[in-house]
Structures are given as structure tokens and as C-alpha cells.
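**Q** quick one, structure for this:
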Amino acid sequence: MITFRNPFFLFLLIPVVLAALAVFLTKKRTSSARIPNLVPAVKTLRVKLFETVPPLLKVLALVLVCFALARPQKVDKQEVPPTEGIDIMLVLDTSPSMAAMDFEPDRMEAAKAAAADFVRKRKNDRIGLTVFGGAALLSCPLTLDYNSVLEGITSASLNMTLESGTAIGDAIVTAVNHLKDSKAKSKVMVLLTDGRSNVGIVNDMSLAAKTAKTFGIKIYTIGTAGKGRAKFPTGNPLMPVAFIDEDLDEPTLKTIASITGGEFYRAKNLGELNGIYAKIDSLEKTKFDVKTLSSYTDYYNYFLLPALLIFLLAALSERTIFRSIP
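**A** Numbers count the residues shown, from 1 in each chain. Down below sits the predicted model:
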């Protein structure tokens, strides 16, 4: 963005333009007031140039000086993120049951879309991604590079851990390991699942939650499953769709959230899931004054130097090219 440091100098353009008009009008009146000869004098091209070029050059030079005095500058502004914000670890269930179609188009794609929308709304908070099925693994470490987080969410797929089952305890511990050493003033885990913990090394969900609480980590748990049975793709062309029973362990998810000071939410469709992420987004906000760094690049030389050259050119032309003209 181009601005003027001393914009009041631009008002000098008014007297400059008025003075130029006054000079040209005076010359015109003086010329017309001369006693006419019987044969009107014919002005040569050189005379016309002498009467117009040097004065025009001087006016142009004065205009450029006015702009130089106004001190044009290019201003670059950059927001500086706070040194302390919120660290958020998204924990996403990728077990095969996430292919159930009680969400549009299915639980997995709905969960990915809602999580991606949540990431896009954040600002100046580090976000990471942990995925789990029968095992848990870090997909993206805590980072301010939201494109990397979004790439991790996009690439998440069913059964990507290659271990069957749902290891919620292992997922919590894995996420805790990547949050516990954080210097952020607030540490949050958002755990999304459609089932119950049935495999893994950590079988005591309360112990896993208490471990998170020890490190000051708050866990929001989200259950993504409709009520009752849900359609499930079989991959068999002869019987493409089967039904699976609801298997969401609400009591355990509520306990995990309660122990850590978080909240449990249940989503039965994509709209509710988006609403839950929006609520978490509103609850976990860092209040800070945005600091802005501004850098300035001066451009007055681009006006001042040409002005000096034009003044010099006008003076030299009067003393050389047009010197013999009275």
C-alpha cells in the first residue's frame, strides 16, 4: 500500500498550477497587446518551442518536488502471532466402522470435513493430528502450518493404522505425549470416535484421562453415530450394503471429558457435527492484542531526482538550444 508521510505538501500543487496558468495567460496577453505590423509576424517552430517547453519543464519539475516533499512510502504490515496461544491435538478415529453411512456421505468423510473446517477457522494456535484404529499414530505434529494439518486430514483413510479395533486409551496417551511438553497456556485434545475402546495397551480410560489432566490437557470428546442401526458398505457386489449396530460408549466418553474439564458431545448427522466443532471453536479462544509490525520503503527519490534533472534540462535548453531567440 502506497501512502504519503507528509500529505499536506500536496496542497502546494494548487499554487504551482495557478502560477503556471497565470504565467501562460500573461504571456498570451502580452503577445496580443503588441502593436501589430502591417504584415503579421509568423512564429517559427523554434520560437513556439521556446515559449512552451522550458516553462512546462519547470512546472513539471515543481509538481514532482511537491510529490517528493509529501514523501510517498510503501507500507508493509505483518501480524505477529502471540508467543503463547492454544495447542490443539485433533484425535480422529479411522476404524472400519467409520464407513457407516448414517452421515453424509459417511462418518469418516463427515468427520474429516468438519475437522478441516475447524482448522481453517483457527488463527495463531498450533494444531496437530493423531489418528487411531487398533493402534494410534501421529499424523501431523503441532504446527502453525495449517496446510500441513489439512493435508493430514485429507489423507486420513479407513483402517490406516492397519490394526483392527478401537484403541481410545492408546490414542489419548499418544496425543498426551505430544502435548505434555507444550509451553502453551492452554492445551486441548478433541477426540472423535464412533465406538468403544476394545483393544490397545491402555485399557483404563479413566487413568488415561487423569494422565491428560496431570499435564493440564483438556479433552473434548465427540461421539459420531446415529441412533440405532446404520448402513455399512460391504464391498461385496452381490450384497453391497449391510447393517451395523450402534456401539458408541457414551458413558466412557463423558467420563473422559469430565475428568479433564472438557465436554462430551454427540453428533447424529453432519450438521450437528459442524455445530459441535463451532462450539469448541468458540470455547477455546485466545484473547490477545494483535501486534502488527510495519515496514516502510521511501519513494521520494523517484520524484526528487527526476525533478532535478528536469530543472537542469530546462535551464540548459534556455542557454543552449534557445539561446539566440530574443
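**Q** contacting residues around the residue lying closest to Met205 once chain neighbours are set aside?
**A** Nearest non-adjacent residue to Met205, counting by C-beta to C-beta, 6 or more residues apart in numbering: Thr252, 5.1 Å away. Where you see a C-beta, it was placed from the backbone N, CA and C, and this is true even at glycine. By C-beta atoms under 8 Å, 6 or more residues apart in numbering, Thr252 lies in contact with 168, 196-197, 205.
**Q** next: Arg120.
**A** 146, 150.
**Q** that older thread, any chance of the contacts of Thr252 in CSV, with pLDDT too?
**A** Shown next, in CSV, are the contacts of Thr252 (pLDDT from 0 to 100):
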residue, pLDDT
Ile168, 97
Arg196, 95
Ser197, 96
Met205, 97
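**Q** surely the residue nearest to Met205 is in a helix?
**A** Yes: membership of Thr252 in a helix is supported by DSSP: H, G, I helix; E, B strand; the rest coil.
**Q** that one and Ala230: what is the separation?
**A** 20 Å (C-beta to C-beta, to the nearest Å).
**Q** same check on Ser95?
**A** From Ser95 to Ala230 the distance is 14 Å (C-beta to C-beta).
**Q** between those two, which one's more packed in?
**A** Neighbours of Ser95 and Ala230, each counted by other C-beta atoms under 10 Å, are more numerous for Ser95; the result is 26 against 22.
**Q** pretty sure the more buried one is touching Thr166, no?
**A** Yes: counting by C-beta atoms under 8 Å, Ser95 does reach Thr166; the two are 4.9 Å apart.
**Q** what's the end-to-end length of stretch 97-112?
**A** Stretch 97-112 has an end-to-end distance of 15 Å (C-alpha to C-alpha, to the nearest Å).
**Q** what's next to it, contact-wise?
**A** Contacts for stretch 97-112 (C-beta under 8 Å, 6+ apart): 92-94, 153-154, 156-158, 166, 192, 194-195, 224-226, 230-233, 241, 244, 247, 268-270, 273.
**Q** which among those residues end up buried?
**A** 92-94, 153, 156, 158, 166, 192, 194-195, 224-226, 230-232, 244, 270, 273 (16 or more other C-beta atoms under 10 Å).
**Q** among these, which are located in helices?
**A** The helices, defined by DSSP state H, take in 153, 270, 273 from these.
**Q** tell me how far Lys231 lies from Ser95.
**A** 17 Å.
**Q** right, I mislabeled it, should have said Thr174
**A** For Thr174, the distance to Ser95 - C-beta to C-beta - is 15 Å.
**Q** the stretch 101-250 of the chain: helices as residue ranges?
**A** 107-121, 146-155, 168-179, 205-214, 250-260 (DSSP state H, counting those that start in this stretch).
**Q** return the last one as CSV; C-alpha atoms alone will do.
**A** What follows is helix 250-260 as a C-alpha-only set of coordinates in CSV (Å, rounded to 0.1, in the frame of the first residue of the first chain):
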residue,chain,number,x,y,z
GLU,A,250,-21.3,-42.6,25.7
PRO,A,251,-20.6,-43.1,29.5
THR,A,252,-16.9,-43.6,29.0
LEU,A,253,-16.6,-40.6,26.7
LYS,A,254,-18.5,-38.5,29.2
THR,A,255,-16.1,-39.7,32.0
ILE,A,256,-13.0,-38.8,29.9
ALA,A,257,-14.3,-35.3,29.2
SER,A,258,-15.5,-34.7,32.8
ILE,A,259,-12.2,-35.7,34.4
THR,A,260,-10.2,-33.3,32.3
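**Q** alright, that wraps it up for me.
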